[in-house]
Structures are given as C-alpha cells and as structure tokens.
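In: Generate coordinates for the sequence data below:
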Amino acid sequence: MKTLEKVNYRGFIAPVVIGVILYLIPLFWVPAGLSVQAWQTFAIFVATIVGCITKPLPIAGTTLVGLIVMVLVGLAPVEDVENAQGVVTNSGILSAFSNSSSWLIAMAFIMAAGIMKTGLGNRIAYNMIKWFGKRSLGIAYALTGLELILGGLIPSNSARTGGVVWPLVESISTNYDSKPNDPSRKKIGSFLDFSAFHANIISTALFVTGAAPNIVVQQMAAKEHYNITWVSWFLAALVPVIISAVVVPFLIYKMYGPEVKETPNAREWSQKQLDTMGKMTVPEIIMGLTFSGAIIMWVMSSFIKLPQFKASFVAFLAVGVLLVTGVLTVKDVLSETGAWNILIWLSVLVFMAGKLTSYGFIKWFAGLVESGLHGISWWIVLLVLVLVMFYSHYFFASGTAHVTALYLPFLSVAVATGAPLGLSAMLLAFTTTIMASTTHYANGPASVLASTGYVTQSEWWKYNFILGLVYLVIFGVSTPIWLKVIGMY
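Out: From the prediction side, this is the model:
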C-alpha cells in the first residue's frame with residue numbers, strides 16, 4: 001500500500017505566522033517612502049528564509065512554495081510582462097530559471113560527479129598524504145592543501161568533506177588506532193577532524209565556486225552593480241587565504257594537538273592506497289584534462305569577452321565533453337540531485353532578491369540605515385557590519401539562508417555610508433565564508449565533522465570561537481591592504 005511522503009508540517013508554523021503578520025502590516029501602516037508591493041515582497045522573502053531554517057520541506061521545495069505565493073498574491077507574473085514598446089516591465093517567475101550563475105554551479109556539481117566517479121579526487125588526496133604525511137602537522141597541512149585543490153574542483157563544500165576528506169581522515173585515524181567516542185580519539189583523530197574542518201573553511205574562501213553561498217554572494221553583489229568574476233574573487237582571496245593556510249593548522253596543532261606527533265606510517269599507507277588504485281585510468285586523464293581546460297577558459301573569460309568564454313557556457317562545454325567521451329552518462333547527470341536542487345533554490349532566492357531591488361525595498365532600507373548612521377565613519381560602519389554578519393551566524397543553520405537574508409542589505413548600507421564598493425563587497429563576501437567557524441551546525445561540513453565523535457561539542461565551540469577571532473583579524477587586516485595593492489578599490 002502506497003503512503004504519503006513525510007512532510008515536516010511543524011516547520012511551516014514559524015514561516016507562515018511571520019509571513020502573514022508582516023504581509024498584513026500595510027493594512028495599518030506603510031513605512032514612508034516604501035510601496036505596499038515592496039513591503040509584501042519583503043514579507044514573503046522573510047517567510048521563505050525562515051522556512052529555509054525550519055525546513056518544512058527541503059530547501060528547493062521551500063523556495064518553490066515561496067515563489068508560488070508571490071504569483072498567487074500578484075507580486076510576480078508567470079511570464080514576463082512587456083509594454084507597447086516591447087520593454088519588460090515586470091519579470092515573470094520563469095525568468096528566474098534563466099539565471100546563468102545558477103546553471104554554472106549546477107554544471108559544476110555535475111563535473112564534480114565526474115571527479116568522484118573516476119577516482120581522481122581520491123588519487124589527489126592519497127598523493128598529498130604521501131608527500132606531506134611524515135608528521136601529524138604535515139598531514140594537517142596536506143589536508144589544507146588538498147582542500148585548496150578540491151575547492152577549485154568540487155563546488156560543494158559538503159561534498160568535498162563527506163566524499164573525499166572525511167573518509168581520508170577516518171582511514172588515517174583508524175590506522176593509528178584512534179577511535180571516536182573514546183579516549184584514543186586524542187591520539188590523532190580529533191586533531192585531524194578539526195583540522196579538516198578548518199581546511200574546508202579556508203578552501204571555501206578561495207574560490208567563488210567554493211560553496212553555494214559564494215554564488216549567492218556573487219549574484220547579490222551584481223544587484224549592487226559590482227561584478228565578481230572567478231578571477232577577481234581568487235585574486236582578492238589569495239593573500240588572506242595563504243596566511244590562514246599557514247597560520248590556522250599550526251594554531252590548531254598548538255592548542256588542540258594530537259598525542260601522536262610523528263606519523264611515519266602515513267607515507268606507506270597512502271602508497272598502498274595508490275598501489276590498489278593502479279595507474280591513472282583513461283577516464284581520470286580525460287577528467288583532469290577537461291577540468292584543467294575549463295579552469296583555463298574561466299581565467300581567460302576575464303580578458304576575452306566572447307560568448308564562448310562565458311563562465312556558464314564553459315561549464316556546459318565541459319559537461320558535454322565528459323558526456324561525449326563517456327566519462328559520464330546521461331543517467332549520471334540526471335541522478336546528480338545536488339545540481340538540480342541548487343539550480344531550483346538558488347534561482348528562486350536570487351529572483352526574490354531581484355524583486356526586493358526592483359520594488360525599491362533595498363534602496364529604502366539602505367537610505368534608512370544611512371540616515372541613522374549619519375556622521376559615523378564608513379570604516380566603523382563596515383566593521384560593525386562584518387561583526388554582525390559573522391556572529392549572527394550563531395542563529396543560522398544555513399549559510400545560504402544567512403547570505404541571502406543579510407548580504408545585499410549590508411552591502412547597500414556600507415556603500416550608502418561611503419565605504420568603497422569593491423572593499424565592502426569582498427570583505428563581506430569573505431565574512432560569509434569564515435563565519436562557519438562558529439557552531440557545530442554552521443554548515444554542511446560542520447554537521448559532518450562535528451558528529452563523528454572525535455571532537456566534543458564543547459571543544460568545537462571553544463576552539464572555534466578562538467579561531468573565529470583569528471579569521472576576523474587575518475581577513476579584516478589583510479583584505480583591505482591587499483585589495484588596495486591590487487587596485488580593487
């Protein structure tokens with residue numbers, strides 16, 4: 001007998017109550033300078049973000065419900081509305097799914113499936129341990145280096161952690177008889193587990209394709225007329241990421257170090273894994289060449305303004321090559337649910353944010369805050385915004401929801417008070433990556449690595465609080481200096 005699928009109906013309570021209350025406020029009062037449409041769009045947007053937190057449905061389903069509500073109440077048509085001159089006066093919800101960045105990240109997820117399927121990711125991982133695994137600190141640096149490589153290859157930080165890095169950490173820990181939920185966890189497992197998490201944070205900060213929230217940032221910045229490309233993000237992040245990659249593993253080693261300092265078996269262990277894999281296969285070689293070609297074309301797209309070098313088309317081209325050569329099958333593409341999931345919810349959230357902008361809500365909010373902060377230096381305002389963005393993540397279980405809710409309004413406020421657009425956009429962008437250093441539910445990798453039994457919850461919060469301050473200092477000091485040097489503001 002077939003039954004209904006399980007739905008978390010309790011999860012609907014908070015978004016519906018909050019959404020209805022906000023939506024009905026204009027019946028009694030409308031803020032000066034704001035249209036009823038703008039406020040009601042804000043109400044549905046807030047309800048959708050709350051739904052992404054309470055999760056009555058997976059995030060794609062939650063955002064689709066929000067999009068449907070916008071049509072039902074008349075805030076967005078189904079198709080674009082044009083005037084007599086053929087100019088679009090009101091974009092329809094179907095236009096949401098023409099968002100190029102959403103398709104880029106979806107295709108990148110499919111490319112990542114090829115890296116996992118061929119075993120190329122594991123081969124890179126084993127070689128990193130082989131080269132740097134003589135000491136436990138060396139393994140931590142190897143994990144960081146591995147993440148920095150995989151950050152450019154696999155756009156999902158959860159996939160990097162769950163699919164490549166965590167199995168590697170678990171295998172090494174077991175090899176040294178370091179068990180979870182046991183005093184032996186302190187031998188090396190707890191150290192590697194925690195190091196792997198921060199390696200993920202650092203790699204996420206290096207690439208605009210390092211995690212889904214980064215792509216949201218890119219889209220939100222565009223609405224403030226700031227274009228973040230793959231190259232510009234990479235260049236801006238280079239110095240703070242290098243500093244973090246050197247400093248953070250060493251700090252973890254000093255304050256949360258392992259009992260096992262020397263790891264002479266790591267080289268032999270990794271070589272054994274490589275021997276088991278054998279020589280590079282034809283699919284691995286094609287995968288490596290295809291992705292290398294995509295990276296080169298993404299870099300060139302910043303200098304060569306041709307349709308064929310658009311980042312989204314390059315990703316389509318790479319997936320096409322993988323299909324034609326047999327590295328991936330159409331079934332592989334269709335079964336990559338993460339790609340289609342992110343295509344839906346990212347497209348919807350960006351569309352909603354666009355409506356907030358077109359209806360004038362963002363401009364009104366920025367002006368309101370600007371008048372309240374009149375006379376305060378822009379750098380103080382920017383500093384406060386960074387700190388609020390970072391520490392408010394204690395109240396979020398989704399980086400995407402957090403970024404979608406706060407990034408664009410915060411960027412608008414910073415610029416309205418006189419802060420340079422480039423500096424504000426990138427400093428707030430990096431804050432959205434390092435804010436994962438807060439809780440055990442901060443993002444997907446935190447949920448994976450904090451639940452392994454190697455690190456206790458109190459240890460996770462305690463040491464993450466300390467390292468959070470370290471990240472704020474590193475990025476807060478080096479980013480303005482470095483961006484000034486390379487002329488980004």
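In: From residue 216, how far off is residue 369?
Out: According to Cβ to Cβ, to the nearest Å, residue 369 stands 21 Å off from residue 216. (Each C-beta comes from the backbone N, C-alpha and C, glycine too.)
In: okay, those two: which has more neighbours?
Out: Legend: neighbour count by other Cβ atoms under 10 Å for residue 369 and residue 216, higher for residue 216 (28 against 19).
In: For residue 193, which non-adjacent residue is closest in space?
Out: Excluding its sequence neighbours, the residue lying closest to residue 193 (Cβ to Cβ, 6 or more residues apart in numbering) is residue 454, at 4.0 Å.
In: how about the strands of this structure, start to end?
Out: In the chain, the strands defined using DSSP state E lie at 81-82, 88-90.
In: where among those is the average confidence lowest?
Out: The weakest mean pLDDT among these belongs to strand 88-90, with a mean of 68.
In: Can you give me the distance of the residue nearest to residue 193 to residue 166?
Out: Distance, residue 454 to residue 166, using Cβ to Cβ: 10 Å.
In: quick one, which of these two is more surrounded?
Out: Under the criterion of other Cβ under 10 Å, the comparison of residue 454 against residue 166 puts residue 454 first, with 26 against 20.
In: Help me confirm that the more buried one comes into contact with residue 195.
Out: No. Contact criterion Cβ atoms under 8 Å: residue 454 and residue 195 do not qualify, at 10.8 Å.
In: Any idea how many residues pack against residue 211?
Out: 33.
In: hang on, it packs against residue 432?
Out: No. Residue 211 lies out of contact with residue 432 (Cβ under 8 Å); the separation is 9.1 Å.
In: what's the overlap in contacts for the two?
Out: residue 399 (Cβ atoms under 8 Å, 6 or more residues apart in numbering).
In: All the helices of the stretch 151-300 of the chain, residue numbers only.
Out: All helices of the stretch 151-300 of the chain, identified by DSSP state H, counting those that start in this stretch, fall at 157-160, 166-175, 189-206, 212-223, 230-255, 265-277, 282-300.
In: same deal with the stretch 1-150 of the chain?
Out: 13-24, 36-54, 59-72, 100-118, 120-132, 136-153.
In: Mean neighbour count and mean pLDDT added to those helices, as a markdown table?
Out: As requested, the helices of the stretch 1-150 of the chain are exported to a markdown table (neighbours: other Cβ atoms under 10 Å; pLDDT from 0 to 100):
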| stretch | mean neighbour count | mean pLDDT |
| --- | --- | --- |
| helix 13-24 | 16 | 95 |
| helix 36-54 | 22 | 89 |
| helix 59-72 | 19 | 92 |
| helix 100-118 | 23 | 79 |
| helix 120-132 | 20 | 77 |
| helix 136-153 | 23 | 87 |
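In: Minimum distance to residue 317: which of the ones you listed has it?
Out: Across the helices of the stretch 1-150 of the chain, residue 317 has its closest neighbour in helix 100-118 (9.1 Å, Cβ to Cβ).
In: from what I can see residue 52 touches residue 64, true?
Out: No. Look at residue 52 against residue 64 with Cβ under 8 Å: they stay out of range, at 11.8 Å.
In: Phi and psi next, for residue 33.
Out: Backbone geometry at residue 33, expressed as degrees, to the nearest 10, gives phi 80, psi 10.
In: That one: neighbour count?
Out: Residues near residue 33, counting by other Cβ under 10 Å, number 11.
In: How about the contacts made by it?
Out: Residue 33 makes contact with 364, 367, according to Cβ under 8 Å, 6+ apart.
In: Quick check: it vs residue 17, distance?
Out: Distance from residue 33 to residue 17, by Cβ to Cβ: 27 Å.
In: any idea which helix or strand of this protein has the worst average confidence?
Out: Ranking every helix and strand in the chain by mean pLDDT, DSSP states H and E puts strand 88-90 at the bottom, with a mean of 68.
In: Model confidence for the closest residue to residue 429 other than its chain neighbours, exactly?
Out: Of all residues not flanking residue 429 in the chain, residue 217 sits nearest, at 4.7 Å (Cβ to Cβ, 6+ apart). Looking at residue 217, its pLDDT stands at 93.
In: show me what contacts residue 217?
Out: Neighbour list for residue 217: 208, 228, 403, 407, 428-429, 432 [criterion: Cβ under 8 Å, 6+ apart].
In: and which of the residues you listed is nearest residue 374?
Out: Nearest to residue 374 out of the contacts of residue 217 is residue 428 (Cβ to Cβ; 21.2 Å).
In: Please verify my assumption that the closest one contacts residue 410.
Out: Yes. Using Cβ under 8 Å, residue 428 is in contact with residue 410, at 5.8 Å.
In: Give the residues shared as contacts by those two.
Out: Residues touching both residue 428 and residue 410 by Cβ under 8 Å, 6+ apart: 385, 389.
In: Look at the closest residue to residue 60 other than its chain neighbours and say how many residues are nearby.
Out: Distances taken as Cβ to Cβ, 6+ apart put residue 344 closest to residue 60, at 4.1 Å, once the chain neighbours are dropped. Applying other Cβ under 10 Å, we find 20 residues neighbouring residue 344.
In: coming back round to it: mind checking which of the helices of the stretch 151-300 of the chain is nearest residue 77?
Out: Closest of the helices of the stretch 151-300 of the chain to residue 77 is helix 212-223, at 20.2 Å (criterion: Cβ to Cβ).
In: Okay, angle between the closest one and helix 59-72 too, please.
Out: Orientation check (axes from the mean of the first three to the mean of the last three Cα atoms, to 10 degrees): helix 212-223 against helix 59-72 gives 30 degrees.
In: Could you list the buried residues of helix 212-223?
Out: 212-223 (16 or more other Cβ atoms under 10 Å).
In: go on, stretch 260-280?
Out: Buried residues in stretch 260-280, counting neighbours by 16+ other Cβ under 10 Å, are found at 260, 263, 266-267, 269-270, 273-274.
In: Return the member of those nearest to residue 467.
Out: Nearest to residue 467, judged by Cβ to Cβ, of the buried residues of stretch 260-280 is residue 260 at 21.9 Å.
In: Skip the chain neighbours and tell me the closest residue to that closest one.
Out: Per Cβ to Cβ, 6+ apart, closest to residue 260 is residue 188, 4.6 Å.
In: residues touching that neighbour, list them.
Out: Residue 188 is in contact with 136, 172-173, 176, 178, 258-260, 263, counting by Cβ under 8 Å, 6+ apart.
In: In those, find the pair that's most separated.
Out: Comparing all pairs in those by Cβ to Cβ, the longest separation belongs to 172 and 259, at 14.2 Å.
In: Going by how many neighbours each has, rank these two and give me the top one.
Out: Neighbours were counted for residue 172 and for residue 259 using other Cβ under 10 Å; residue 172 has more, 24 against 15.
In: dump the residue contacts of residue 184.
Out: Going by Cβ under 8 Å, 6+ apart, residue 184 touches 177-178.
In: Tell me the pLDDT of it.
Out: pLDDT, residue 184: 91.
In: Ok, the one 10 residues further on next?
Out: You'll see residue 194 listed with a pLDDT of 94.
In: quick one: the nearest residue in space to residue 325 that is not next to it in sequence from residue 117, how far?
Out: Nearest residue to residue 325, sequence neighbours excluded (Cβ to Cβ, 6+ apart): residue 286, at 5.1 Å. The gap separating residue 286 from residue 117 is 12 Å, by Cβ to Cβ.
In: Residue 73 reaches residue 41, doesn't it?
Out: No. Residue 73 is beyond contact range of residue 41, at 9.4 Å (criterion: Cβ under 8 Å).
In: other SSEs contacting the lengthiest helix in the chain?
Out: Secondary structure of the chain per DSSP state H: the longest helix is helix 457-485. The helices and strands touching helix 457-485, judged by 3 or more Cβ pairs under 8 Å, 6 or more residues apart in numbering; DSSP states H and E, are helix 189-206, helix 230-255, helix 378-391, helix 421-434.
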